[in-house]
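1. what would the 3D arrangement of this be:
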Amino acid sequence: MSDNDKFGLILERLDKQDEMLIKQGEMLINHGKILEMHSEILITLVKGFNTMQQDITNIKQDIVEIKEEIVEIKQDITTIKQDISNLQEDIDIIKEDTGETRTTANVLAAWAERAENVINVPLFADKR
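-> Predicted coordinates for the structure are as follows:
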């Protein structure tokens, strides 16, 4: 084989290596684009995660506030129950007093009627 043939073979190999290098470069560029897209996806996921974390923090705060409100409502209910109990006691006392007053009024009315018969003076004015 002559030097020219050897030189030609070397040039062909160099051309093939150039083509391979070009294809490898193109593949690296494509991989770079894919990595760039993955990077953008990860950035989006991180932003979403941060938003979710903030939402969870807000929800936890809302739950704490709701628990505090429930405690206040329970206290209000306890106070209302006590007030109702006090009102019931007052109503019972009023009923008892009303009964005593009615009995007393009936006794006085009966006494007045008997006294009226004894002294022959009308104690009740007829308002009819």
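
2. contacts, neighbours, all on C-alpha from now
-> OK.

3. relative to its centroid, which residue of the chain is most remote?
-> residue 2 (90.1 Å; Cα atoms, centre = their mean).

4. next one: phi and psi at that residue?
-> Dihedral pair for residue 2: phi -90, psi 170, per degrees, to the nearest 10.

5. show me the shaky parts of this structure.
-> Across the chain, the ranges flagged by pLDDT under 70 are 123-128.

6. neighbours around residue 14, how many?
-> Per other Cα atoms under 10 Å, the neighbour tally for residue 14 reads 12.

7. in this structure, which spans are helices?
-> 3-119 (DSSP state H).

8. residue contacts, residue 3?
-> Listed by Cα atoms under 8 Å, 6 or more residues apart in numbering, the contact set of residue 3 is empty.

9. do the one 3 residues further on as well
-> Contacts were defined as Cα under 8 Å, 6+ apart; by that measure residue 6 touches no other residue.

10. what's the neighbour count on residue 99?
-> Residue 99 - counted by other Cα under 10 Å - has 12 other residues nearby.

11. quick check: it vs residue 93, distance?
-> Look at residue 99 and residue 93: by Cα to Cα, to the nearest Å, they are 10 Å apart.

12. and what of residue 54?
-> Where residue 93 is concerned, residue 54 sits at a distance of 58 Å (Cα to Cα).

13. same thing with residue 42?
-> Note on residue 42: its distance to residue 93, by Cα to Cα, is 75 Å.

14. next one: residue 106
-> Distance from residue 106 to residue 93, by Cα to Cα: 20 Å.

15. with residue 53 instead?
-> Look at residue 53 and residue 93: by Cα to Cα, they are 60 Å apart.

16. residue 85 too?
-> 12 Å.

17. got it, and residue 36?
-> Distance from residue 36 to residue 93, by Cα to Cα: 85 Å.

18. next one: residue 57
-> From residue 57 over to residue 93 the distance is 54 Å, taken as Cα to Cα.

19. over to residue 87?
-> 10 Å.
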